[in-house]
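Colleague: quick one: sequence and predicted model below, then my questions.
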Amino acid sequence: MDKKRPEWVPADGGKEFTTSVMKGVESMHDGMPGTSRITSHVPQVHRRQLTIDEHVQGVLAKDRTILARTITLIESNSPRHMQKAQEVLKQLLPYTGKSVRLGITGVPGAGKSTFIEALGMQLVSSGHALAVLAVDPSSSLTKGSVLGDKTRMEKLSRETNCFIRPSPSGGTLGGVTRKTRETCLLCEAAGFDVIFIETVGVGQNEITVRSLVDFFLLLKIAGAGDELQGIKKGIIELADAILINKADGDNLQRAEVARDEFSRALHYLKSPTRGWTPRVLTASSIHGKGVADVWKMVEEFVAIVHKNKLFEERRKSQMIEWIHDLIREHLEQLFYHNDVIRAELPQAEAAVTAGTMPPTAAAQHLLALFEKTLFQTEYAKLDGKPEK
């Protein structure tokens with residue numbers, strides 16, 4: 001395989017420069033029309049598959065390459081990978097649960113990546129091991145993702161005590177991926193004591209991350225909305241703190257005004273965490289001003305929730321919620337992969353679009369068919385008769 005180091009890597013650069021450049025794929029992978037310019041066949045190189053024990057021991061040994069490969073295994077939707085991934089997770093579970101998980105969300109342009117790098121640099125310099133799980137939006141057309149969050153954290157990505165993993169959202173709503181929970185467990189097993197989850201950043205409905213983290217931080221910028229925006233139900237009422245970012249230069253005064261407005265708005269909302277009053281802070285991620293105060297606030301929060309036992313309670317409830325999410329996901333897959341439903345669904349859709357059947361009636365019809373096929377399968381098993 002044609003590999004070389006980028007031109008910007010120093011001649012005497014060590015292992016800290018792990019980036020390499022290789023020849024890309026030219027066969028219409030971007031969904032654009034055209035033909036491949038490759039004229040000769042290049043034999044495909046297959047990487048040796050790791051055993052379950054190699055995955056487990058590699059993660060526990062903090063081997064970044066194996067950790068990345070294990071996350072890829074977890075994220076795979078291939079049936080042959082799922083059973084192996086679950087066995088890896090099962091063996092790593094005893095080594096999890098010893099981190100502080102911080103969810104960071106905000107609209108595009110709020111400066112999430114810049115803030116993460118500023119806070120992350122302070123954490124790793126003080127001895128913390130940091131994992132950053134950055135979720136990138138997937139295209140609704142090509143299903144691809146740019147995965148460019150890591151490039152915006154240039155300094156942090158070079159730190160040996162930091163691991164950054166960008167992942168595509170895959171169209172999943174809520175700002176996170178389907179496998180973010182599993183990835184958190186892998187990072188905890190690898191010894192990372194602080195985990196940042198940076199969400200897609202699309203707006204009010206980005207609330208799924210609340211069920212994954214201990215502390216939920218919402219980034220806002222001055223001028224994006226008044227205090228009426230602050231009392232809207234949704235993401236703001238779930239935040240443990242609001243940070244008015246980019247509080248510098250000509251924007252400093254506006255940021256302070258926004259802080260006061262959101263502070264007043266929070267009085268109308270119930271705190272999402274027992275024993276904690278949500279706060280509003282200002283910071284300038286570029287200049288580092290106010291960034292350290294955010295972590296001091298998080299440490300105070302963690303101390304409070306440990307004292308009132310809410311930390312453990314929330315972690316347990318999150319695991320239970322995870323179970324129900326997986327059940328719903330599996331039932332949805334069963335429904336859409338059912339042969340009877342796959343045959344009937346186009347007809348129901350056509351009836352709805354033609355105006356001859358209401359959508360609710362169509363859904364009820366399909367669900368009734370699905371339940372009937374399930375019962376027929378179970379009866380066939382009980383009677384020992386072959387399924388029809």
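Modeller: That came through, no problem.
Colleague: least trustworthy helix or strand in this structure by mean pLDDT?
Modeller: The helix or strand of the chain with the poorest confidence is helix 227-230; it has a mean of 47 (mean pLDDT, DSSP states H and E).
Colleague: so what strands line up beside the very next helix or strand once past that one?
Modeller: Counting by DSSP states H and E, the element after helix 227-230 in chain order, helix or strand, is strand 241-245. Sheet pairing of strand 241-245 (DSSP bridges) gives strand 215-221 (parallel), strand 279-282 (parallel).
Colleague: CA atoms only for strand 241-245, dumped as CSV, please.
Modeller: Extracted in CSV, the C-alpha atoms of strand 241-245 (Å, rounded to 0.1, in the frame of the first residue of the first chain):
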residue,chain,number,x,y,z
ALA,A,241,-25.0,24.8,33.1
ILE,A,242,-25.0,27.2,30.3
LEU,A,243,-21.8,28.7,29.0
ILE,A,244,-21.9,32.0,27.0
ASN,A,245,-18.9,31.4,24.7
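Colleague: pLDDT on that strand, on average?
Modeller: The pLDDT scores in strand 241-245 average 94.
Colleague: next SSE after that strand?
Modeller: The helix or strand immediately downstream of strand 241-245 is helix 252-266, counting by DSSP H and E.
Colleague: re the thing from before, deepest of the strands paired with strand 241-245, which one?
Modeller: Using mean count of other C-beta atoms under 10 Å, the stretch among those with the largest mean neighbour count is strand 215-221, at a mean of 23. Backbone N, C-alpha and C define where each C-beta goes, glycine included.
Colleague: quick one, helices of the stretch 101-250 of the chain?
Modeller: Taking DSSP state H, counting those that start in this stretch as the criterion, the stretch 101-250 of the chain carries its helices at 112-125, 180-189, 227-230.
Colleague: now these as a markdown table including distance to residue 12 and mean neighbour count?
Modeller: Listed next are those as a markdown table, based on distance: least, C-beta to C-beta, whole Å; neighbours: other C-beta atoms under 10 Å:
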| stretch | distance to residue 12 | mean neighbour count |
| --- | --- | --- |
| helix 112-125 | 24 | 21 |
| helix 180-189 | 32 | 23 |
| helix 227-230 | 53 | 15 |
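Colleague: which one of those helices lies nearest to residue 311?
Modeller: Closest approach to residue 311 among the helices of the stretch 101-250 of the chain is made by helix 180-189 (14.1 Å; C-beta to C-beta).
Colleague: which parts of stretch 336-355 are buried?
Modeller: 338, 341, 344-345, 348, 351-352 (16 or more other C-beta atoms under 10 Å).
Colleague: any chance of those in a markdown table, with pLDDT, secondary structure and distance to residue 125 too?
Modeller: Converted to a markdown table, these look like this (pLDDT from 0 to 100; DSSP: H, G, I helix; E, B strand; the rest coil; distance: C-beta to C-beta, whole Å):
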| residue | pLDDT | secondary structure | distance to residue 125 |
| --- | --- | --- | --- |
| 338 | 92 | coil | 55 |
| 341 | 94 | helix | 55 |
| 344 | 95 | helix | 60 |
| 345 | 96 | helix | 56 |
| 348 | 95 | helix | 59 |
| 351 | 95 | helix | 63 |
| 352 | 96 | helix | 59 |
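Colleague: which one among those gets closest to residue 260?
Modeller: Nearest to residue 260 among the buried residues of stretch 336-355, counting by C-beta to C-beta, is residue 352 at 49.9 Å.
Colleague: now do the end-to-end distance for stretch 91-103.
Modeller: One end of stretch 91-103 sits 26 Å from the other (C-alpha to C-alpha, to the nearest Å).
Colleague: any chance you could list what contacts that stretch?
Modeller: Outside stretch 91-103, the residues that touch it by C-beta atoms under 8 Å, 6 or more residues apart in numbering are 52, 56, 59-60, 131, 184-189, 192-197, 199, 209-210, 212-217, 298, 302, 315.
Colleague: now do residue 294 against residue 262, distance only.
Modeller: If you measure residue 294 against residue 262 using C-beta to C-beta, to the nearest Å, the figure is 15 Å.
Colleague: low-scoring stretches of the stretch 251-388 of the chain, by residue?
Modeller: Low-confidence segments of the stretch 251-388 of the chain (pLDDT under 70): 377-388.
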